[in-house]
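[1] sequence first, predicted coordinates after that:
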Amino acid sequence: MTHPTTDRLPQTPPYVHIVWDWNGTLKDDVGDLLDAVNHTLTGLRAAPIDLATYQAKHTVPIRTFYDRLLNRPVTDGEWAQAQADFAVFLRSRPPRLRPEAKQLLRQATVLGHSQSLLSLYPHDVLVEETDRLAITGDFSRIDGRRGRDGTKAGVLADHLAALPDALRSRPVLVIGDSVDDARAAHAVGARAVLHSGGLDSAHTLRRAGLTFTPTLEAALALGLRQCTSPPRRRHTPLADPAPAPGPPPRRLH
């Protein structure tokens, strides 16, 4: 379900640990990713796709995404070439943040919340890009993909376990843009609030029954409110009062 945009972040404890997604969330690269996929599809002798098709068929692992795009399984050789072509193409595009991203990172820090970055993007490229954008210092930990293609659920638990001891007791909020981000959060008992301007469309997020907002700022504000608001007390209805005693029964003679 969607929620109205707000420009105010909650300013009261408890403090939250925010796990950010990168591609399509903090990084403003949906157009670049679409162009990179179309570049690899040319090498696979397949027709290019538009953004609506990308968002409708997007899934992880990414190899499964390509299976969907080609309507057949990708061979090992095709997959290796597609990965190489994809990486070379993206490196030709300078990284850029969403317009509000840097301000949100700084505001969250000022309010006392801790933050980390978890992505399925190759780890060395991820750190290289956060360094270029001067935001590496905003995160207590950064983890990208170090092994094979997979899902975020497989790495989020390890990411949280590697956080500094002082942060592990904090409630965890995942901010992302995909069904996979939400599934990973739910698997570890964390909250997830998504925004609909990334890799998965609003239709996909709504169909999955996930909480999302139209903007990144609104997603963060809603997630922090959910994590910092005291739980609602369940209302226990009062028992019906006992009926007042009536007159004694009349004796029949």
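    Structure received.
[2] following element in sequence after the helix ranked longest in the chain, please.
    What stands out as the longest helix in the chain, according to DSSP state H, is helix 76-91. Later in the chain than helix 76-91, the nearest helix or strand by DSSP states H and E is helix 101-110.
[3] show me how far that following helix is from its chain's centre.
    Helix 101-110 has its C-alpha centroid displaced from the chain centroid by 17 Å (CA atoms, centre = their mean, to the nearest Å).
[4] show me which residues of stretch 37-49 are buried.
    37-41, 44, 46, 49 (16 or more other CB atoms under 10 Å). In this view, the C-beta of every residue, glycine as well, is placed from N, C-alpha and C.
[5] contacting residues around the spatially closest residue to P164 that is not a sequence neighbour?
    Among residues not flanking P164 along the chain, S140 sits closest, at 6.2 Å (CB to CB, 6 or more residues apart in numbering). Contact partners of S140, counting by CB atoms under 8 Å, 6 or more residues apart in numbering, are 114-116, 163-164, 167.
[6] list phi and psi for S140.
    Main-chain dihedrals, S140, degrees, to the nearest 10: phi -80, psi -20.
[7] state the distance from it to Q115.
    Distance of S140 to Q115, given as CB to CB, to the nearest Å: 7 Å.
[8] P61 too?
    For P61 relative to Q115 (CB to CB), the value is 26 Å.
[9] again, but for L222
    With CB to CB as the criterion, L222 and Q115 are 17 Å apart.
[10] in space, what's closest to T130 - neighbours in sequence excluded?
    T136 (4.4 Å).
[11] surely that neighbour and L126 touch.
    No: counting by CB atoms under 8 Å, T136 does not reach L126; the two are 9.9 Å apart.
[12] tell me which of the two has more neighbours.
    L126 (23 against 15; other CB atoms under 10 Å).
[13] and the nearest residue to that one once chain neighbours are set aside, what is it in contact with?
    Among residues not flanking L126 along the chain, G144 sits closest, at 3.6 Å (CB to CB, 6+ apart). Residues counted as contacts of G144 (CB under 8 Å, 6+ apart) are 22, 119-127.
[14] now do 6 Å
    G144 sits next to 119, 121-123, 126 when contact means CB atoms under 6 Å, 6 or more residues apart in numbering.
[15] which helix or strand contains it?
    Here G144 is assigned to strand 142-145, by DSSP H and E.
[16] figure out how far that strand is from the centre of its chain.
    So, by CA atoms, centre = their mean, the centroid of strand 142-145 is 14 Å from its chain's centroid.
[17] tell me if L118 really is in a strand.
    Yes: counting by DSSP: H, G, I helix; E, B strand; the rest coil, L118 falls inside a strand.
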